[in-house]
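1. Whatever this is, show me its structure:
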Amino acid sequence: MSVFGTKLRQLREAAGLTQKELAVKSGLTQQAIDTWERGTRDPGWSKVVKLCAALEVECGTFLEVEPCEPAPEPPLESPVRKQKKK
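-> Predicted coordinates for the structure are as follows:
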């Protein structure tokens with residue numbers, strides 16, 4: 001299951017909706033919701049907006065990811081000067 005699909009299923013279940021009920025509420029198909037939850041495909045942004053409206057969540061909800069460690073600082077090096085051509 002994809003990250004999107006996992007999140008979609010969690011939100012749908014938290015809202016107490018079946019796939020069919022979410023489909024009706026969002027104007028999408030139950031088959032599409034099933035496909036997204038299984039991770040076979042991810043929806044386009046316009047579909048995400050419809051899902052968010054139906055689930056009464058902000059669209060950024062699907063963008064939340066686990067925090068990662070910051071990248072290490074690059075080593076300090078003196079800049080290399082280009083030599084003039086004679």
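
2. isn't Gly27 right up against Lys50?
-> Yes. Taking C-beta atoms under 8 Å as the definition, Gly27 is a contact partner of Lys50 at 6.0 Å. In short, each C-beta sits where N, CA and C put it, glycine included.

3. neighbour-wise, which of those two wins?
-> For Gly27 versus Lys50, neighbours defined as other C-beta atoms under 10 Å are more numerous around Lys50 (16 against 11).

4. Now do the more buried one against Thr40, distance only.
-> Here Lys50 is placed at a distance of 19 Å from Thr40 (C-beta to C-beta, to the nearest Å).

5. Next, count neighbours for Phe62.
-> 20.

6. contacting residues for Ser26?
-> Counting by C-beta atoms under 8 Å, 6 or more residues apart in numbering, Ser26 touches Ile33, Lys50, Leu51, Ala53, Ala54.

7. Of all pairs in these, which one spans the longest distance?
-> Pairwise distances across the contacts of Ser26 peak at 14.1 Å for Ile33 and Ala53 (criterion: C-beta to C-beta).

8. show me where this protein has strands.
-> For the chain, applying DSSP state E gives no strands.

9. Need the CA coordinates for stretch 34-48. PDB is fine.
-> What follows is stretch 34-48, C-alpha atoms only, in PDB (Å, rounded to 0.1, in the frame of the first residue of the first chain):
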ATOM      1  CA  ASP A  34     -10.200   1.200  -3.800                       C
ATOM      2  CA  THR A  35      -7.400   1.600  -6.400                       C
ATOM      3  CA  TRP A  36      -5.900   4.500  -4.500                       C
ATOM      4  CA  GLU A  37      -6.200   2.800  -1.100                       C
ATOM      5  CA  ARG A  38      -4.500  -0.400  -2.500                       C
ATOM      6  CA  GLY A  39      -1.700   1.800  -3.900                       C
ATOM      7  CA  THR A  40      -2.100   0.700  -7.500                       C
ATOM      8  CA  ARG A  41      -2.300   4.400  -8.500                       C
ATOM      9  CA  ASP A  42      -2.400   7.800  -6.900                       C
ATOM     10  CA  PRO A  43      -5.000  10.400  -7.800                       C
ATOM     11  CA  GLY A  44      -4.400  13.700  -9.500                       C
ATOM     12  CA  TRP A  45      -4.600  16.900  -7.500                       C
ATOM     13  CA  SER A  46      -8.200  17.700  -8.500                       C
ATOM     14  CA  LYS A  47      -9.300  14.300  -7.000                       C
ATOM     15  CA  VAL A  48      -7.300  14.900  -3.800                       C
END
